[in-house]
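**Student:** What follows is a predicted protein model with its sequence.
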Amino acid sequence: MIEASDEQLMQAVAGGDLDAFNKIVLCYQQQTWRTAYRLLGDAMEAEDVAQETFLKILKAAPRYRPTASFRTYLYTIIYRLCLDTRKKSRPSLMDTMPDRPSSSPSAVEYLVSRERGEEIRHALESLPLNQRTAIILKHDEGLSYAEIAQVMDTSLKSVEMFIRRARENLQLKLTHTK
Amino acid sequence: MRCKKVLSNLNAYADHELSGSLSREIEDHLHCCRTCQIAFEQIQHVEGFLSSLDVPPMPQEFADRVMREARKRALPDAEKKSIFAWDGFSLQWFSGLSIPVRLAAGTTILLAFFLGMTMSREISLSGNHQATASREADMEGFEWFSPSPPESLEHTYMILASSFDAGGTSR
């Protein structure tokens, strides 16, 4: 059986099909949560934003027109909700969600890698939201510069500049804390 | 290619965002320029930092919570729709139309409404004219039978007629 495309699923959602909506949630929940968490640095806020993202998709389904890819549409909603959340609450510190060791290293190695992970997360959190968004959408989500420009409603040149500055700032912060 | 141009394009090069020819030029330059090579290694270094970040685990039963909330919110919407539905016929077809068709339909409905309003006003005005005319006729009739001046011919006629009538009744 051929899997329905995101656009077909959205058409079904527009007609009130909650099963189609459930498929969208299951398919995109991981990346929605991950992006919201990376942008906000707070698990509870990220969960709220992730949930609200899907509910906005449900509400806007009758007006949805597949002019861009569904992924770009999804990230645009996440980004805007994160902007709103940041405007409402002052930037919070990263929570202390423990890192999962990738391959069972020794306790000392795990502590060192965890400490390093914290440093990187703090460095990432200290970036302005536009730089953080651009670098995360590029690095974690694999969006092209053009797609990032669409999500952030900005030009290609600006995206390029955000990514360059984000890397320069991260390099500076992480080399100093070494 | 000059270092300045290479450095300004280095991030796009690292992200595979450049055209084939420009990308090859930068690649060639990196083979022979140590300064630009170091700058490129720094970009890769930062990418390495980012890759080392673990993905936080998903909150448990996240999808279930979203679906519960979705069902809650979908229900009032269905109720709202029923206001515009008669015997299973819903106005949902209207939202499926394209914008120009919707505009045309809307204009037609408005025109029909105003036409109806104008016609009903005309009918009501002509009804008023008829009422006024019949009232005027009544007034004329009333004046015909109203008391006339004592020396007038009508007065004399009315006296004669009433006396004949009184005589006829007494017979």
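**Tutor:** Okay, I see it.
**Student:** can you give me the helices in chain A?
**Tutor:** Per DSSP state H, chain A carries helices over the ranges A:6-14, A:18-40, A:43-60, A:70-88, A:107-125, A:129-139, A:145-152, A:156-176.
**Student:** Tell me the helices and strands packed up against the third one.
**Tutor:** In terms of contacts (3 or more C-beta pairs under 8 Å, 6 or more residues apart in numbering or on different chains; DSSP states H and E), helix A:43-60 is packed against helix A:6-14, helix A:18-40, helix A:70-88, helix B:62-83. The C-beta positions use only the backbone N, C-alpha and C, and glycine is treated the same way.
**Student:** Compare these and give me the one nearest residue B:48.
**Tutor:** Among the helices and strands packed on helix A:43-60, the nearest to residue B:48 by C-beta to C-beta is helix A:18-40 (16.8 Å).
**Student:** and that closest one, which residues are buried?
**Tutor:** Residues A:20-25, A:28-29, A:31-40 are the ones in helix A:18-40 that count as buried (16 or more other C-beta atoms under 10 Å in any protein chain shown).
**Student:** Packing partners of it?
**Tutor:** With contacts taken as 3+ C-beta pairs under 8 Å, 6+ apart, helix A:18-40 sits against helix A:6-14, helix A:43-60, helix A:70-88, helix A:129-139, helix B:62-83.
**Student:** deepest of those, which one?
**Tutor:** helix A:129-139 (a mean of 23; mean count of other C-beta atoms under 10 Å in any protein chain shown).
**Student:** between that helix and helix A:18-40, how many degrees?
**Tutor:** Relative orientation of helix A:129-139 versus helix A:18-40 (axes from the mean of the first three to the mean of the last three C-alpha atoms, to 10 degrees): 120 degrees.
**Student:** near chain B at all, helix A:129-139?
**Tutor:** Yes. Applying C-beta under 8 Å from any C-beta of the partner chain, one finds helix A:129-139 in contact with chain B at A:135, A:138-139.
**Student:** which one among those gets closest to residue A:60?
**Tutor:** Among those, residue A:138 lies closest to residue A:60 (C-beta to C-beta), at 25.9 Å.
**Student:** what's the domain layout of chain A?
**Tutor:** Per automatic domain parsing, the structural domains of chain A span A:1-96, A:98-178.
**Student:** need the contact list for the closest residue in space to residue B:22 that isn't next to it in sequence.
**Tutor:** The shortest distance from residue B:22 to any non-neighbouring residue, by C-beta to C-beta, 6 or more residues apart in numbering or on different chains, is to residue B:9 (6.8 Å). Residue B:9 makes contact with B:18, B:22, B:26, according to C-beta atoms under 8 Å, 6 or more residues apart in numbering or on different chains.
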